[in-house]
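1. when you get a sec, could you give me coordinates for this:
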Amino acid sequence: MSGPDSRVTRLEALKSILAERDFLTAPLLAAELGVSERTVHRDLATLRELGVPIDSQRGLGGGLRLERGWSLGRVHLNDREAISMLLSLTIAEKVGSPVLLADLRAVTRKINAAFAPQQARRIRSLRSRVLIGEPASTAVLAGYRPPGPAVPGPVLESFADQRMLSIAYTDAKRRTTERDVEPQCLYFNLPVWYLLGWDRLRDGVRFFRLDRIHRATELSTAFLLRPAGLYESVGEPDARTL
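-> Numbering: from 1, shown residues only. Now for the predicted structure:
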């Protein structure tokens, strides 16, 4: 990828790398970012012009780093990244570590407050379509395996974009079918994720365990959201939204 967007992404990555570690050399930064040293030096000059305080130290053990105590400021997340972060915080909350819980609630509030109004409205809409239930049962866990790496991305994208999803799905009786579904909701029973949607093959509401989806492809066809009560009624009575 090239162009303004790629440079903005690279500058953000450069700031993050410098913030995470002590002194780094230009060759190491170039190797990590996959660019030339000349590009790194040009990007460093741009960041300094923007007011980012980058220290440099010559000699053995020296290099480049962000001034200690400097904040990265507002982190810009797209809708999918924001939902992924909020889902991760929810999972951490469900684990129930007393060391984490107080900080998690404060972090979640700050993240929600950081979004611009238009994006905040969209993310609230997406959050209302994520249902959190009880931990998965022993019977479910006995046959559970984490979903393949190629599945969650298209599922989350079609969920966020409100576009149809084509899947190859194997049910509990080991029958595999091709389905076109409307990804209306996501449903979580720690650690198992389900796609809760309208199945156009069956013309009704269906649960699809993500670990039983073998192929997922986002289609170009958009769909409308159906009444929320239609989905809440098929889940656990005490399930809550994200």
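2. rest of the way, CA atoms for contacts and neighbours
-> Noted.
3. Arg222 contacts Arg163, doesn't it?
-> Just to correct that, residue 222 is Ala rather than Arg. Yes. Under the criterion of CA atoms under 8 Å, Ala222 makes contact with Arg163 at 4.2 Å.
4. so those two - more neighbours on which side?
-> Set side by side, Ala222 and Arg163 show unequal neighbour counts under other CA atoms under 10 Å, the larger going to Arg163 at 21 against 13.
5. roughly how far does the more buried one sit from Lys173?
-> Here Arg163 is placed at a distance of 28 Å from Lys173 (CA to CA, to the nearest Å).
6. then Ser233?
-> Ser233 sits 25 Å away from Lys173, going by CA to CA.
7. again, but for Met85
-> In this view, Met85 and Lys173 are 34 Å apart by CA to CA.
8. quick one: which of those two has more around it?
-> Higher neighbour count among Met85 and Lys173: Met85, with 15 against 6, using other CA under 10 Å.
9. tell me the pLDDT at the more buried one?
-> Met85 carries a pLDDT score of 80 in this model.
10. and the protein, what are its domains?
-> 4-66, 79-127, 138-241 (automatic domain parsing).
11. burial check on the nearest residue to Asp22 once chain neighbours are set aside, number of neighbours?
-> In space, not counting the residues next to it along the chain, Asp22 is nearest to Arg65; the distance is 6.0 Å by CA to CA, 6 or more residues apart in numbering. Neighbours of Arg65 under the rule other CA under 10 Å: 21.
12. give me phi/psi at Arg65?
-> Per-residue torsions, Arg65: phi -160, psi 160 (degrees, to the nearest 10).
13. please name the bridge partners of it.
-> For Arg65, the beta-bridge partners under DSSP bridges are Asp55.
14. look up how far Cys185 lies from it.
-> 43 Å.
15. got a list of what Gln184 touches?
-> Listed by CA atoms under 8 Å, 6 or more residues apart in numbering, the contact partners of Gln184 are Arg129, Phe159, Gln162, Leu195, Leu196, Gly197, Trp198, Leu225, Arg226.
16. sheet partners, orientation included, of the longest strand seen in the chain?
-> As assigned by DSSP state E, the longest strand anywhere in the chain is strand 176-189. The strands beside strand 176-189 in its sheet (DSSP bridges) come out as strand 130-132 (parallel), strand 163-170 (antiparallel), strand 192-199 (antiparallel).
17. among the ones you listed, which is nearest Thr241?
-> Nearest of these to Thr241, taken as CA to CA: strand 130-132 at 4.4 Å.
18. what does that closest one contact?
-> So strand 130-132 is in contact with Cys185, Leu186, Tyr187, Phe188, Asn189, Ala239, Arg240, Thr241, Leu242, going by CA under 8 Å, 6+ apart.
19. switch the cut-off to 6 Å
-> Judged by CA atoms under 6 Å, 6 or more residues apart in numbering, the contacts made with strand 130-132 from elsewhere in the structure are Cys185, Leu186, Tyr187, Phe188, Ala239, Arg240, Thr241, Leu242.
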